[in-house]
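>>> Fold the following.
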Amino acid sequence: MAITLPSSVTGAAQTGFTTPGYTTTVDTPPGINAKQVAVTAITGTQAGVDATSVARPFTIAFFRPLSFAVLGKPNPVTGLLSSFPVNVYKLITRKGVTVLAGQPNQIASITSSLNVPAGSDVVDPANLRAMISAHIGTLTSISAGLGDTANTGVA
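Next up, the predicted model:
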């Protein structure tokens, strides 16, 4: 895979954090179509944040399709395709969190899914790249607001 999960991640801005960063190490992925890292150290000022542990995992995993979909043949009469298969890529970040003192830890997660119609990777790669760029740029720009919204419910 062309994706290489980094050994250190510069975190995006969050209310109450100063220069958040995360040191990772390669971890055993959940499947043969995945790569995974575990966050082993926290840098910057992030009061109350902990690195990965058995009870409170902090992992980042990237998944690609187990088998890639390709376009079928057009109908010989109409020239139209009968279906448009999609290749799905996912990035999943998991973090153990406390929900109430004395209760078992729970897993919070974020899943970003990239759905690429088969054939568009060859015919229109520039627009796929633009979509990905805009998506990641938007996530980066709304990071602190998203953190605030997740904690207050106010958008």
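
>>> Surely Val9 and Ala38 touch.
No: contact between Val9 and Ala38 fails when scored by CB atoms under 8 Å: they sit 11.8 Å apart. To be clear about C-beta, it is placed using only N, CA and C from the backbone, and glycine gets the same treatment.

>>> shared neighbours, those two?
Thr24 (CB atoms under 8 Å, 6 or more residues apart in numbering).

>>> Please say which of these two ends up with more neighbours.
Taking neighbours as other CB atoms under 10 Å, Val9 and Ala38 compare with Ala38 leading, 20 against 16.

>>> Let me know the pLDDT of Met1.
Note for Met1: predicted pLDDT of 56.

>>> right, I mislabeled it, should have said Thr149
Thr149 is given a pLDDT of 92.

>>> what's the distance between it and Gly21?
To Gly21, Thr149 is 23 Å away according to CB to CB, to the nearest Å.

>>> The two: who's more crowded?
Shown here are Thr149 and Gly21; by other CB under 10 Å, Gly21 has more neighbours (15 against 12).

>>> SS state for the most centrally placed residue in the chain?
For the chain, Leu91 is the residue whose C-alpha lies nearest the centre (CA atoms, centre = their mean; 2.6 Å). Secondary structure for Leu91, judged by DSSP: H, G, I helix; E, B strand; the rest coil, is strand.

>>> list the contacts for it?
60-63, 111-112.

>>> give me that answer again for 6 Å
62, 112 (CB atoms under 6 Å, 6 or more residues apart in numbering).

>>> partner residues bridging it?
The partner list for Leu91 in beta bridges (DSSP bridges) reads Phe62, Ser112.

>>> pLDDT at it, what is it?
96.

>>> One more: Gly145?
93.

>>> ok so, going back, Ala12 versus the residue nearest to the centre of the chain, what's the distance?
14 Å.

>>> in its sheet, what does the helix or strand hosting Gly21 sit against?
Assigned by DSSP states H and E, Gly21 falls within strand 18-27. The sheet places strand 18-27 alongside strand 8-10 (antiparallel), strand 34-45 (antiparallel), with pairing taken from DSSP bridges.
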